[in-house]
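[1] missing the sequence, but the structure's below:
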Ligand SMILES: Nc1ncnc2c1ncn2[C@@H]1O[C@H](COP(=O)(O)OP(=O)(O)OP(=O)(O)O)[C@@H](O)[C@H]1O
C-alpha cells in the first residue's frame with residue numbers, strides 16, 4: 001500500500017434487505033484514497049455512490065469486504081472507537097447543510113469541539129473561518145444566511161477539528177453556480193493546501209472538474225476512473241453510460 005494512502009475500500013459489498021427484496025448497492029468495490037487527493041464519485045442515481053461514502057466513513061456497515069481509515073479496519077472497531085474516529089478524523093458536508101437552527105454560525109462551526117470538550121486550535125480555527133469568508137456573518141443564525149453561506153458554515157464545521165478526510169455528499173446540490181464554485185474552491189484548497197483527502201459525490205460535471213480524479217460507479221461497481229477530469233471529458237463519459245439515466 002502507498003504510504004500516502006489514507007482510506008481504502010477493499011472489495012466492499014453491501015446488500016440491503018434479503019431474499020427477493022435484496023438490493024446489491026455495492027459489488028466488490030476496491031479503491032484507494034491518498035493524502036491531499038480530491039476524488040469525485042459519479043454515476044447514475046442508485047449506483048451506490050452514497051453507500052460507498054457511508055461505508056468508508058463508518059456511517060454504514062458493509063456486508064462484505066473491508067473499509068480502512070488511517071490503517072484501522074473499521075469493521076474491527078467497537079462502536080465508541082468508531083464514533084471517535086468519525087469525530088476526530090472525518091469531516092462531513094451534506095447537500096442539506098444540517099446546521100442547528102438555534103445556534104449562530106460561529107457556534108455551529110465550533111460545535112464539534114464543544115461536544116468533544118476540546119479547546120479550539122486558535123490558529124487553525126482562524127484559518128478555516130478566513131477561508132470560508134463569512135466576515136461579519138458569524139453571529140447570524142442559519143435562517144439569516146443564504147444557502148451558500150450556510151454551506152460555508154457547514155464546511156467550516158467539518159474542517160474545524162482538522163480531519164484527515166473530508167466527505168462531501170453532493171455539497172453543491174442545493175446551491176447556485178457561484179456559491180457552488182466557492183464551496184468547490186474550498187474543497188480543492190483542503191486537498192492542495194492542507195493535505196486533506198477529499199471524497200465528493202456529485203452529479204455535476206463542473207463540480208467533478210475541480211477534482212484530481214473521478215471514479216464512475218454503475219450498478220454498485222467502479223466501471224471507470226478518470227485522472228485530471230475536465231467538465232467536457234466528464235460529460236462525455238457520462239453520456240456513454242449505456243442506456244442508464246444520467247442526471
Ligand atoms: N437503507 C436502504 N435500504 C434499502 N435499500 C437501500 C438503502 N439505501 C440505499 N439503498 C439502495 O441501494 C442502491 C444504492 O443507493 P445509493 O443511495 O448508494 O445510490 P446513489 O448512487 O448515491 O444514488 P443517488 O444519486 O440517487 O443519491 C439503490 O438501489 C438504493 O435504492
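    Noted; the coordinates are in hand. What you see is a predicted model, and the numbers here were worked out from it, not measured in a lab. Numbering: from 1, shown residues only.

[2] Do I have it right that residue 180 meets residue 170?
    No. The pair residue 180 and residue 170 fails to qualify as a contact (Cβ atoms under 8 Å) at a distance of 10.4 Å. The way it works is simple: take the backbone N, C-alpha and C, and place the C-beta from them, glycine included.

[3] Any stretches of this structure with poor pLDDT?
    1, 242-247 (pLDDT under 70).

[4] beta partners of the spatially most central residue of it?
    For the chain, the residue nearest the mean C-alpha position is residue 167 (1.8 Å; Cα atoms, centre = their mean). When assigned by DSSP bridges, residue 167 has beta-bridge partners residue 92, residue 199.

[5] can you tell me which residues contact it?
    Counting by Cβ atoms under 8 Å, 6 or more residues apart in numbering, residue 167 touches 53, 56, 57, 90, 91, 92, 93, 199, 200.

[6] quick one: which of those residues is nearest residue 13?
    Residue 13 has its nearest neighbour among the contacts of residue 167 in residue 56, at 13.3 Å by Cβ to Cβ.

[7] Look up the closest residue to the closest one, ignoring the ones flanking it.
    Leaving aside its sequence neighbours, residue 56 sits nearest to residue 67 (Cβ to Cβ, 6 or more residues apart in numbering; 5.1 Å).

[8] which helices and strands sit right next to whatever helix or strand the one you found lives in?
    Per DSSP states H and E, residue 67 falls inside strand 64-69. If contacts are counted by 3 or more Cβ pairs under 8 Å, 6 or more residues apart in numbering; DSSP states H and E, strand 64-69 sits against strand 5-16, strand 23-34, helix 49-56.

[9] which of the contacts of residue 167 count as buried?
    53, 56, 57, 90, 91, 92, 93, 199, 200 (16 or more other Cβ atoms under 10 Å).

[10] Get me the contact residues on this structure for the ligand.
    Residues of the chain lying near the ligand by Cβ under 6 Å from any ligand atom: 16, 17, 23, 25, 43, 45, 46, 47, 48, 49, 50, 51.

[11] Would you check that the third one makes contact with residue 13?
    No. At 11.9 Å, residue 23 and residue 13 do not qualify as touching, with contact defined as Cβ under 8 Å.

[12] gap between the residue nearest to the centre of the chain and the ligand?
    According to Cβ to the nearest ligand atom, to the nearest Å, residue 167 and the ligand sit 13 Å apart.

[13] And residue 124, by the same measure?
    Distance from residue 124 to the ligand, by Cβ to the nearest ligand atom: 31 Å.

[14] Verify the contact between that residue and residue 162 for me.
    Yes. Using Cβ under 8 Å, residue 124 makes contact with residue 162 at a distance of 5.7 Å.
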